[in-house]
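Engineer: Below: sequence and its predicted model.
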Amino acid sequence: MLDFRKDLFADERDDNLNEIGKPTQRQDGLGHVTARSPYYDDYRFDGLLHMKCLRSPHHCARIRSISTAEAERSPGVRRIITGADVPVNLNTLLSLLDFGRDDEPALATDKVRYKGEPIVAVVADSEREAFEAIDKIRVDYEVLPHVLEVEEALSDRAPVVNDQYPGNSFEYHERYDHQKLRFGDVDSALVRADHVVEGRYQMSPIEHAPVEPAGAIAVPETNDRYACYTSTQALFFSLGTAAKLLNVSSNRLHFIGGTVGGGFGGKVDSLNEPLAILGCMLTGRPVRYGFDRREEMQFGPPRGAEIWHITDGVRNDGQIVARKFVGYFDAGAYTRLSSYAVIKSVGHLPGPYTIPNVYADVYCVYTNRTPATAMRGFGITGVDFAIECHMDKVAHAVGLDPIELRILNAYRDGDMKAHRREAKNCALIECAQVAAEKANWPIRDEFKRMSSRHGGGGERAQIPHTVTDQNGRIGERRGSAPMPPPPRPAPQRQPVGATTSAAPPPPPTQHQPAQSSQYDSSRQNAASHGTVRPAANRFSSIFGTRRR
Amino acid sequence: MARKPIQFRLNGKDEAVFVEEGQNLLDALRRQVGDTSPKYGCGQGTCGACTVLVDGEPRLSCLMLAESAEGASIETTAGLAGAELHPLQRAFLDGFAAQCGYCTSGMLMSAKALLDRNPSPTREQVVDAISGNICRCTGYEPIIDAILDAAARGAGRRSA
């Protein structure tokens, strides 16, 4: 049962509010209980066609050839679509925020990098006929070595997963193969600590498993526009992604969504919308590209796996004086949103505790797994699991009660966080006290009397002298340059629709195979890489300024 | 593909549609009849989102051949409300038992089947009745509470 503890921070809160704190009816509740809420697949269209994709049976393989001749003649087939039909067949989701390199095709052309990667889309009168045609497509694969574990992927001998990132990790700030956090001097603090407590924590991938599988229906509208009914959780993000891949102005796309049958983060990757619209453009008919349950579970993106190593330096009194992290996010074969998850994660370290010396190296690693995506607090959930397990381990090591250890080390108002923002409106101490009370967990009186409002700031507000380093320069980890990737065919920019043929193509994106000299640490060389963009750290401005 | 005419009653109204060989009842209701209240979640009888009542019994319409509905009386969520919401719908609405709403239709049908034969179920009987319906949002507690609330409001007696 909900228990509003209005005695806490009462003077900071205005309780004379009309809506907040009072029960209210959901605006979509009536639609839900009468089953009239319009999920994407509840819209009916005459002449609806169905799209299904041929998908890679291999974790990694070169595509030598694709033969669709027999499938073209299969009953009910209206159109077979390959990568050559996708106007701009290379994208990365966060390019909409100018972050990262385009690394993922909508339909694979020369190589597949995960099991389940789409290669050919078939549009047919029924799903059954689409599947029957898919069985008649012949793809000649040269199976290549693959890697499925993050720590293995970072070894010298691992095969290159994603040609845009030959070191198998996302490249941050045009300089490092990981995201860094440096605050104080962790190594000397560890030497001075009474106890050093180490731990390794691991979180497996998690499938969101929404009861409604992801999908979209695209329909021709008048004025040469296309409507797209979609299950997306991110309507304008999906619209922007579709506009980019299809090389059309976004005002030619009309997205209708907002009713999502469960998403939990798994419906932001915009996998269905661009291909459904392309199918609609190429056939002139309404096209539905919806996942069935198997596709949702196997090819829909999961929350990615994470591995965390934590080393704490602790004094006998329980004060944590140093905390060091090495973390690995498994992005799968393509970046999607994992590069951002790492930045968000590092911004969260070392958890809600005031620790004067903090160090983190966190890697966004490519493996030949299904690309990972957002899921409920991604970037935070995995490392918080690790941190809180580790807090228990530290409590055991120093012989302190685990709740008291948390209260002792919690942020207090006025403290300096490791990312150099002042802690404000802190409440962990009070949360821990209430949790202990509710669980009848005995804590000592001095811990019951502690408060987030007292004892912070002062010395705890100082930014310590910080030891920096240049470890992990791009290309440094792999001593020798990897095999250059095969030449990628220039992105096809075949016009679609009657009026787009006049539109000029966007400037070509360079996808040069990386040469060994480009792993040189100088900024000049890094900048010469055609696809590096200057705004690699712009997220700091998004969540760095949130203050009350 | 061979098409076959079938007739059945849907929410008290006669329906006659052509269905394809092998087509399941869920697909026929959604595509041929246009009743989109039963939902596709898995197509393999594990999620319960497609639950409808066939002659009063809860059935997974994704696992039932449309042809076998010949002559049957089928109830779906679309027919649940009359001039006012059914007590189950009211209880789900008031009790925040629908979050994304996608499992709700199947939950309501499973709950209605329970209350129609047992107007005063125990909590365990409610849990058992919706054990074939998956919800990924609410954690089930509000749904169980809402069904018990509807029973207390006389939902079973009303529909019986």
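Structural biologist: Thanks, I have it.
Engineer: Contact residues of chain B facing chain A?
Structural biologist: B:30-31, B:34, B:36-44, B:47, B:49, B:76-78, B:80-81, B:85, B:89-90, B:92-93, B:96, B:98, B:100-105, B:108, B:134-137 (Cβ under 8 Å from any Cβ of the partner chain). Quick note: C-beta positions are derived from backbone N, CA and C, even for glycine.
Engineer: residues contacting residue 53?
Structural biologist: Here I'm looking at chain A. Residues counted as contacts of residue A:53 (Cβ atoms under 8 Å, 6 or more residues apart in numbering or on different chains) are A:107, A:118, A:119, A:120, A:121, A:122, A:134, A:275.
Engineer: meant chain B, my bad for not saying
Structural biologist: B:59, B:74, B:75, B:76, B:109, B:112, B:113.
Engineer: wait, is it part of a strand?
Structural biologist: Yes: counting by DSSP: H, G, I helix; E, B strand; the rest coil, residue B:53 is located in a strand.
Engineer: Enumerate every residue touching the residue nearest the centre of chain B.
Structural biologist: By Cα atoms, centre = their mean, chain B has its centre lying nearest to residue B:109, at 2.9 Å. Counting by Cβ under 8 Å, 6+ apart, residue B:109 touches B:38, B:51, B:52, B:53, B:58, B:75, B:76, B:77.
Engineer: And residue A:327, its phi and psi?
Structural biologist: When read as degrees, to the nearest 10, the backbone of residue A:327 gives phi -130, psi 150.
Engineer: Strands along the stretch 351-500 of chain A, start to end?
Structural biologist: Assigned by DSSP state E, counting those that start in this stretch, the stretch 351-500 of chain A shows strands spanning A:358-366.
Engineer: and the residue in it positioned nearest to chain B, how many residues sit next to it?
Structural biologist: The stretch 351-500 of chain A approaches chain B most closely through residue A:376 (11.1 Å), counting by Cβ to the nearest Cβ. Counted by other Cβ atoms under 10 Å in any protein chain shown, the residues lying close to residue A:376 total 13.
Engineer: So what's the model's average confidence on stretch A:284-299?
Structural biologist: The average pLDDT for stretch A:284-299 rounds to 97.
Engineer: all helices of chain B, in order?
Structural biologist: Per DSSP state H, chain B carries helices over the ranges B:25-27, B:87-94, B:104-117, B:123-129, B:141-152, B:155-159.
Engineer: Likewise for the stretch 151-300 of chain A?
Structural biologist: For the stretch 151-300 of chain A, the helices defined by DSSP state H, counting those that start in this stretch occupy A:186-192, A:235-246, A:273-283, A:293-298.
Engineer: Does anything pack onto the first one? Which helices or strands?
Structural biologist: Looking back up the chat, that one is helix A:186-192. strand A:306-314, strand A:320-332, strand A:358-366 (3 or more Cβ pairs under 8 Å, 6 or more residues apart in numbering or on different chains; DSSP states H and E).
Engineer: Show me which residues of the helix or strand following the longest one are buried.
Structural biologist: Helices and strands here follow DSSP states H and E; after strand A:320-332, the next one along the chain is helix A:338-348. By neighbour count, and taking 16 or more other Cβ atoms under 10 Å in any protein chain shown as the criterion, the buried residues in helix A:338-348 are A:338, A:339, A:340, A:341, A:342, A:343, A:344, A:345, A:346, A:347, A:348.
Engineer: what do you get for stretch A:125-135?
Structural biologist: Buried, per 16+ other Cβ under 10 Å, within stretch A:125-135: A:125, A:126, A:127, A:128, A:129, A:130, A:132, A:133, A:134.
Engineer: Can you point out the buried residues in stretch B:52-72?
Structural biologist: In stretch B:52-72, counting by 16+ other Cβ under 10 Å, buried: B:52-54, B:58-62, B:64, B:66-67, B:69, B:72.
Engineer: Any stretches of chain A with poor pLDDT?
Structural biologist: Applying pLDDT under 70 to chain A picks out residues A:1-2, A:479-548.
Engineer: Show me which residues of it sit near chain B.
Structural biologist: A:25-26, A:28-37, A:39, A:41-42, A:44, A:208-213, A:259-264, A:292-293.
Engineer: Now the buried members of those.
Structural biologist: A:28-37, A:39, A:41-42, A:208-213, A:259-264, A:292-293.
Engineer: got a list of what residue A:168 touches?
Structural biologist: Contact analysis of residue A:168 by Cβ under 8 Å, 6+ apart lists A:147, A:153, A:154, A:158, A:160, A:161, A:162, A:365, A:366, A:367.
Engineer: and residue A:203, what are its bridge partners?
Structural biologist: Going by DSSP bridges, residue A:203 is paired in beta bridges with residue A:306.
Engineer: show me where pLDDT drops low in chain B?
Structural biologist: By pLDDT under 70, the low-scoring segments of chain B are B:1, B:157-160.
Engineer: what about 80?
Structural biologist: For chain B, the stretches with pLDDT under 80 are B:1, B:156-160.
Engineer: Got the domain ranges for it?
Structural biologist: B:3-79, B:87-159 (automatic domain parsing).
Engineer: among the ones you listed, which is nearest residue A:101?
Structural biologist: domain B:87-159 (33.9 Å; Cβ to Cβ).
Engineer: mind checking how far the closest one is from the chain centre?
Structural biologist: In this view, domain B:87-159 has its centroid 11 Å away from the chain centroid, taken as Cα atoms, centre = their mean, to the nearest Å.
Engineer: Next: stretch A:465-476.
Structural biologist: With Cα atoms, centre = their mean, you get 25 Å for stretch A:465-476.
Engineer: buried stuff in it?
Structural biologist: So for stretch A:465-476, counting by 16+ other Cβ under 10 Å, buried means A:472, A:473, A:474, A:475.
Engineer: end-to-end on it?
Structural biologist: Terminal residues of stretch A:465-476 are spaced 27 Å apart (Cα to Cα, to the nearest Å).
Engineer: and what of stretch A:416-429?
Structural biologist: End-to-end distance of stretch A:416-429 (Cα to Cα): 16 Å.
Engineer: what's next to that stretch, contact-wise?
Structural biologist: A:8-9, A:12, A:181, A:183, A:346-347, A:349-350, A:352, A:354-355, A:358, A:406-407, A:410-415, A:450-453, A:456, A:460-463, A:544, A:547-548.
Engineer: What about the residues you listed, which are in helices?
Structural biologist: Per DSSP H, these map to helices at A:346, A:347, A:406, A:407.
Engineer: Now the second one: closest residue in space that isn't a chain neighbour?
Structural biologist: Of all residues beyond its chain neighbours, the one nearest residue A:347 is residue A:419 (5.6 Å), with distances taken as Cβ to Cβ, 6 or more residues apart in numbering or on different chains.
Engineer: Can you report how many residues lie near that neighbour?
Structural biologist: 16.
Engineer: what are the phi and psi angles of it?
Structural biologist: phi -100, psi 20.
Engineer: how much space between it and residue A:361?
Structural biologist: Going from residue A:419 to residue A:361 by Cβ to Cβ, to the nearest Å gives 15 Å.
Engineer: okay but residue A:107 is in contact with residue A:91, surely?
Structural biologist: No: between residue A:107 and residue A:91 there is no contact under Cβ atoms under 8 Å: 11.5 Å.
Engineer: how about the nearest residue to residue A:280 once chain neighbours are set aside, what does it touch?
Structural biologist: Leaving aside its sequence neighbours, residue A:280 sits nearest to residue A:218 (Cβ to Cβ, 6+ apart; 3.8 Å). Residue A:218 sits next to A:226, A:227, A:228, A:229, A:273, A:276, A:277, A:279, A:280, A:286, A:287, A:289 when contact means Cβ under 8 Å, 6+ apart.
Engineer: Which of those residues sits closest to residue A:192?
Structural biologist: residue A:273 (55.5 Å).
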